[in-house]
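K.L.:
One predicted model, sequence on top.
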Amino acid sequence: MLFRSLVTSAIFAAIYAFVFASLVPGIAQNIWLISFALLWSLAFLSILGFVYGRRLKKAFKGETGTIKWFDPSKGYGFLIRDNGGDLFVHLRSVKPEDRRKLRENTRVKFTVEETEKGPQAENIKII
C-alpha cells in the first residue's frame, strides 16, 4: 500500500510539474525539480491520508454505553449502547485495570468490531 502511494503520488507530481513547466516558458531546471519535489510530497501525504484515514478514524472513534450485566466468573456479559441496541462483552475486551470494577450500570467507552457471530464491544474502558 505504501509503495503504491509513492508511485501514484510521483506520477501525479510529474504531471503537475510538467504542466507547470510548460505554462511558464524558460523556467530553470532547479525550479522544475523543486516544484516536482513539493508536489510529490503533497500528493504522497494526501494519498496516505486518504488510504489510512479510515483506519485512523476507526481507531479513534469510540462509542459510549452502560453495562447491562457482566459476570466475571463466566467471562462475558452485555452492554447497552447509547445510540440503541445491545452488544456482547467478553472479558478479554475489557482493559485489565477495569476488569474488577465492571458492574451493572457502569458507564463505559468502547469500539465496535464485527466478528463471526456479529458485532461485539472491544477496547472497553470505564469512563
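P.N.:
Nice, I can see it.
K.L.:
Pop the domain breakdown of this protein in here.
P.N.:
According to automatic domain parsing, the chain is divided into the following domains: 2-60, 63-126.
K.L.:
Need the mean per-residue confidence for the shortest one.
P.N.:
Just to be clear, that refers to domain 2-60. Averaged across domain 2-60, pLDDT comes to 71.
K.L.:
can I get the domains of the chain in CSV with mean neighbour count?
P.N.:
(Each C-beta comes from the backbone N, C-alpha and C, glycine too.) Converted to CSV, the domains of the chain look like this (neighbours: other C-beta atoms under 10 Å):
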stretch, mean neighbour count
domain 2-60, 13
domain 63-126, 14
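K.L.:
Verify the stated contact: Val112 with Thr64.
P.N.:
No - in this structure, Val112 is not within contact of Thr64 by C-beta atoms under 8 Å, at 11.6 Å.
K.L.:
Can you give me the distance of Ser73 to Pro96?
P.N.:
When distance is defined by C-beta to C-beta, to the nearest Å, Ser73 is 17 Å away from Pro96.
K.L.:
dump the residue contacts of Thr8.
P.N.:
Each residue near Thr8 by C-beta atoms under 8 Å, 6 or more residues apart in numbering is listed here: Ala43, Ile47.
K.L.:
and it, backbone torsions?
P.N.:
The phi and psi values for Thr8, taken as degrees, to the nearest 10, are phi -60, psi -40.
K.L.:
do the one 3 residues further on as well
P.N.:
For Ile11, the backbone dihedrals are phi -70, psi -50 (criterion: degrees, to the nearest 10).
K.L.:
From Leu23, how far off is it?
P.N.:
Computed as C-beta to C-beta, the Ile11 to Leu23 distance reads 19 Å.
K.L.:
What of Phe78?
P.N.:
According to C-beta to C-beta, Phe78 and Leu23 sit 63 Å apart.
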